[in-house]
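Chemist: kindly return the folded structure for what I paste below:
(2 chains)
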Amino acid sequence: AQSVTQPDIHITVSEGASLELRCNYSYGATPYLFWYVQSPGQGLQLLLKYFSGDTLVQGIKGFEAEFKRSQSSFNLRKPSVHWSDAAEYFCAVGSNQAGTALIFGKGTTLSVSS
Amino acid sequence: GAGVSQSPSNKVTEKGKDVELRCDPISGHTALYWYRQSLGQGLEFLIYFQGNSAPDKSGLPSDRFSAERTGGSVSTLTIQRTQQEDSAVYLCASSPTGVPPLHFGNGTRLTVT
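Modeler: Purely as a prediction, here's the structure:
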């Protein structure tokens, strides 16, 4: 079955500390992988994507993610968290076939403490 | 440029009533998706439109749900005889060709009382 698992429902990080959000996927085809962020009352904003090539991808707002095929993982990282990073983060997997729906994880809520 | 626009942003309706949710995709995007986001859940795919092709309705949860896309642009998601379990945020997304990534609107929060 195709699925995305985000093991952590809620994470709290101190401002300035590093962050890692975990994502594992199960997908039958070559995966296209995405991280989106959702602030309260807002839609989803794309942080970064991985299609192929370099397994470490850089995104907006200082985020990066690393694709590890052997572990079926695509973890999101940030070296130093800012209070404005508090939001819900979604990992998603899809393919390069038009019309293939993205499969989303259930999300990880990030709280930032001062 | 303008992003994906959804209206209304909030909708409260009584159980049993019909509702229509509107999505205006990014200009030039041929692909349009509807997703549902329920409390504590991820995003659930509902339906996909690509150009003038027949839509992929495989994600619609029941025959009370339907959607149309007029002129390859604006889309309307209709829920008939709403139930309390239909309460959720309905998100619309578009992409230039149907290949990800998707660009999302801010959603319509539907509350069925």
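
Chemist: neighbours of the closest residue to chain A within chain B, how many?
Modeler: At 3.1 Å from chain A, B:G98 is the closest residue in chain B, using C-beta to the nearest C-beta. Every residue, glycine included, has its C-beta placed from N, CA and C. By other C-beta atoms under 10 Å in any protein chain shown, the residues close to B:G98 number 22.

Chemist: that one is in contact with B:A31, isn't it?
Modeler: Yes. Assessed by C-beta atoms under 8 Å, B:G98 is found in contact with B:A31 at 3.6 Å.

Chemist: returning to what we had before: need the contact list for the residue of chain B closest to chain A.
Modeler: Residues in contact with B:G98 (C-beta atoms under 8 Å, 6 or more residues apart in numbering or on different chains) are A:98-99, B:30-31, B:48, B:50.

Chemist: can you pick the most crowded of those?
Modeler: Neighbour-wise, the contacts of B:G98 (other C-beta under 10 Å) top out at B:Y48, 23 neighbours.

Chemist: using the three-state scheme, assign that one.
Modeler: strand (DSSP: H, G, I helix; E, B strand; the rest coil).

Chemist: contact partners for the closest residue to it other than its chain neighbours?
Modeler: For B:Y48, ignoring the flanking residues on the chain, the nearest one in space by C-beta to C-beta, 6 or more residues apart in numbering or on different chains is B:D56 at 4.2 Å. Shown in contact with B:D56 (C-beta under 8 Å, 6+ apart): A:99, A:101, B:47-48.

Chemist: reformat the residues you listed as TSV; add pLDDT and distance to A:H82.
Modeler: Below are the contacts of B:D56 laid out as TSV (pLDDT from 0 to 100; distance: C-beta to C-beta, whole Å):
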residue	pLDDT	distance to A:H82
A:G99	77	37
A:A101	84	32
B:I47	95	37
B:Y48	93	36
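
Chemist: and these, which is closest to A:Y89?
Modeler: A:A101 (19.5 Å; C-beta to C-beta).

Chemist: the closest one: neighbour count?
Modeler: Neighbour count for A:A101, taken as other C-beta under 10 Å: 22.

Chemist: then A:V81?
Modeler: Using other C-beta under 10 Å, A:V81 is surrounded by 20 other residues.

Chemist: in three-state terms, label it for me.
Modeler: Here A:V81 is recorded as coil under three-state DSSP.

Chemist: and it, how close does it get to chain B?
Modeler: Between A:V81 and chain B the distance, using C-beta to the nearest C-beta, to the nearest Å, works out to 23 Å.

Chemist: then A:Q2?
Modeler: 11 Å.

Chemist: just grab the bridge partners of the most centrally placed residue in chain B for me.
Modeler: Centroid check for chain B by C-alpha atoms, centre = their mean gives B:W34 as the closest residue, at 3.5 Å. Taking DSSP bridges as the rule, B:W34 bridges to B:I47, B:C92.

Chemist: need the contact list for it.
Modeler: B:23, B:45-48, B:67, B:75, B:77, B:90-93 are the contacts of B:W34 under C-beta under 8 Å, 6+ apart.

Chemist: find the nearest non-adjacent residue to residue 106, please.
Modeler: All of this refers to chain A. Nearest non-adjacent residue to A:K106, counting by C-beta to C-beta, 6+ apart: B:G42, 4.2 Å away.

Chemist: right idea, wrong chain: chain B
Modeler: Closest residue in space to B:N106, ignoring its immediate chain neighbours: A:G43 at 4.4 Å, by C-beta to C-beta, 6+ apart.

Chemist: cheers, nothing more for now.
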